[in-house]
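Student: Dropping a prediction and its sequence here:
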Amino acid sequence: MPDLLWDDVRNFFDPDLMGALPDVRVPDTSVEDWQAVFDLVRSRGWAYAYSEDGVGGRLPRPGSFGAEAGAGFLMIFRMYDAGPIDFDAELRELQGQR
């Protein structure tokens with residue numbers, strides 16, 4: 001989105017207005033959409049941690065849920081079911097046009 005300007009969206013990324021870890025929701029998703037998220041994390045080589053009920057493990061294969069991933073900033077994915085995709089984004093790490 002090269003035409004999206006920081007000044008137009010800065011309030012959405014203000015931790016004082018939105019909270020440091022606001023809830024983000026992508027509605028109407030499927031297991032395949034979750035798998036696309038997992039595949040993206042793996043293909044980019046982003047650091048991630050996965051846990052289920054507080055126990056660490058490997059990032060799941062298709063049909064499984066639960067992960068925490070990030071690429072230069074923290075994103076915590078909450079996989080309660082196949083849809084929607086729910087996650088929190090660390091807004092203190094997303095500041096400025098760059």
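Tutor: Cool, got the structure. Numbers count the residues shown, from 1 in each chain.
Student: in the longest helix seen in the chain, what counts as buried?
Tutor: Ranked by residue count and defined by DSSP state H, the top helix of the chain is helix 31-44. For helix 31-44, burial by neighbour count (16 or more other CB atoms under 10 Å) applies to Trp34, Val37, Phe38, Val41. Using the backbone N, CA and C atoms, a C-beta is placed for each residue, glycine as well.
Student: got those as JSON lines, with distance to Asp8 and pLDDT columns?
Tutor: Putting the buried residues of helix 31-44 into JSON lines (distance: CB to CB, whole Å; pLDDT from 0 to 100) gives the following:
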{"residue": "Trp34", "distance to Asp8": "30", "pLDDT": "82"}
{"residue": "Val37", "distance to Asp8": "26", "pLDDT": "83"}
{"residue": "Phe38", "distance to Asp8": "31", "pLDDT": "81"}
{"residue": "Val41", "distance to Asp8": "28", "pLDDT": "81"}
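Student: and which of those residues is nearest Phe77?
Tutor: Val37 (6.8 Å; CB to CB).
Student: I'd like the distance from that closest one to Asp86, if you could.
Tutor: Going from Val37 to Asp86 by CB to CB, to the nearest Å gives 11 Å.
Student: now swap in Arg42 and tell me
Tutor: Arg42 is 20 Å from Asp86, by CB to CB.
Student: Could you do Val9 as well?
Tutor: Taking CB to CB, one finds Val9 at 21 Å from Asp86.
Student: Between these two, which has more neighbouring residues?
Tutor: Asp86 (17 against 12; other CB atoms under 10 Å).
Student: got the end-to-end distance for stretch 18-31?
Tutor: 29 Å (CA to CA, to the nearest Å).
Student: which residues touch it?
Tutor: With contact meaning CB atoms under 8 Å, 6 or more residues apart in numbering, stretch 18-31 is reached by 11-12, 33, 62-63, 76, 82-92.
Student: if you set the cut-off to 7 Å instead, what comes out?
Tutor: 12, 62-63, 82-92 (CB atoms under 7 Å, 6 or more residues apart in numbering).
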